[in-house]
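In: from the sequence below, what's the structure:
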Amino acid sequence: MERFELLCEEGGERLDKFICTQLDSISRSAAAQIIDDGGCTVNGAVCAKNCRLKPGDRVVLTLPDVKEPDVSPEDIPLDIVYEDDQLLVVNKPKGMVVHPAPGHYDGGTLVNALMYHCRESLSGINGVLRPGILHRIDRDTSGLLAVAKTDTAHKMLAEQIKRHSFTREYAAVVRGVVKEDGTVDAPIGRHKSDRKKMCVTELNSKPAVTHYFVEQRYAKNTFLRLKLETGRTHQIRVHMAYIGHPVTGDAVYGNGEPKWLCGQCLHAKKLGFIHPNGQYMEFDSELPDYFVRLLDSLESSKI
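Out: The predicted structure is shown next:
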């Protein structure tokens, strides 16, 4: 069983709504059902789903064990940058989902492709839905991902991610002219009213640090290199929007223009880590076609 402990800071919200706001994997109807089944307590006591929370209330939610559905191997072409018996590094295209999500098991994900390519050789630590997956990038973000083929590799690489020694660098084009290099050190948590979005907030948040470096300025845009210290959901997209420079093409945290990008202009360009054999390895990928096309369209407006 999975257990979540949540702290209510503002109060006044219904228990079922509070839970679905804080946990993106749980809908309001699912939260209500869990509460009705006695799987939730407020300050140690079972409460009704419509009870109003007060500031300082501690909510403990226990999810029942759920049998994960089978995920089928699919013969989908993969851009494999590196592979050995411990791990592989794949260059994910824009538009591909990394792993199936509850309620969306239609296939076509990176996991479906990996299961076909690797057969039985994937770490099982993350279960049926996310075998071998150490970290993820959004559907409309392209770039490099490391995948563990053994549990030993998974544990070692996951520990490096936890210690922030796992190198992750991105390339992005953002809106507006960024004047100088900088760092955004601002906690990220679930958006209060839109549970599909993240935002900079002190409420039930986690520390998040993004370093950014100016590569090229244009009249209305800036080409950035970014380095992550942490790996929060939508971190770069949230942090760039927070400082007034949303990622170009981002329809969630920006204005979604230009439409032909079909999502944010964000590419996971570099990965670096210590292999289970003790050797430091680093991988760099070329900018994809959509990214180059955008830069070409901005060429005449260089500053």
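In: residue 200: neighbour count?
Out: Using other CB atoms under 10 Å, residue 200 has 17 other residues around it. To be clear about C-beta, it is placed using only N, CA and C from the backbone, and glycine gets the same treatment.
In: and stretch 112-124, end to end?
Out: When the termini of stretch 112-124 are compared using CA to CA, to the nearest Å, they are 14 Å apart.
In: packing partners of the worst-scoring helix or strand of the chain on mean pLDDT?
Out: Each helix and strand of the chain was given a mean pLDDT (mean pLDDT, DSSP states H and E); the minimum falls on helix 28-36 at a mean of 87. Judged by 3 or more CB pairs under 8 Å, 6 or more residues apart in numbering; DSSP states H and E, the packing partners of helix 28-36 are helix 15-22, strand 58-63.
In: out of the ones you listed, nearest to residue 107?
Out: Smallest distance to residue 107 across those (CB to CB): 25.2 Å, for strand 58-63.
In: which stretches of the protein aren't confidently modelled?
Out: For the chain, applying pLDDT under 70 flags the ranges 1, 24-25, 65-69, 102-105.
In: got the domain ranges for it?
Out: Per automatic domain parsing, the structural domains of the chain span 2-63, 67-163, 164-303.
In: what strand or helix carries the most centrally placed residue in the chain?
Out: The structure's the chain has its C-alpha centroid closest to residue 233; by CA atoms, centre = their mean the separation is 3.7 Å. Using DSSP states H and E, no element contains residue 233; it sits outside every helix and strand.
In: how about the nearest residue to it, chain neighbours excluded?
Out: residue 198 (5.3 Å; CB to CB, 6 or more residues apart in numbering).
In: hang on, the earlier thing: most tightly surrounded among the helices and strands packed on helix 28-36?
Out: Scoring the helices and strands packed on helix 28-36 by mean neighbour count under mean count of other CB atoms under 10 Å gives helix 15-22 as the most buried, with a mean of 22.
In: count the residues that sit near the closest residue to residue 182 other than its chain neighbours.
Out: Nearest-residue entry for residue 182: residue 212, 5.9 Å, with adjacent residues in sequence omitted and distances by CB to CB, 6+ apart. Neighbours of residue 212 under the rule other CB under 10 Å: 24.
In: neighbours around the residue nearest to residue 233, how many?
Out: Neighbour number of residue 198 under other CB under 10 Å is 24.
In: what is it paired to in the beta sheet?
Out: Beta-bridge partners of residue 198, counted by DSSP bridges, are residue 190.
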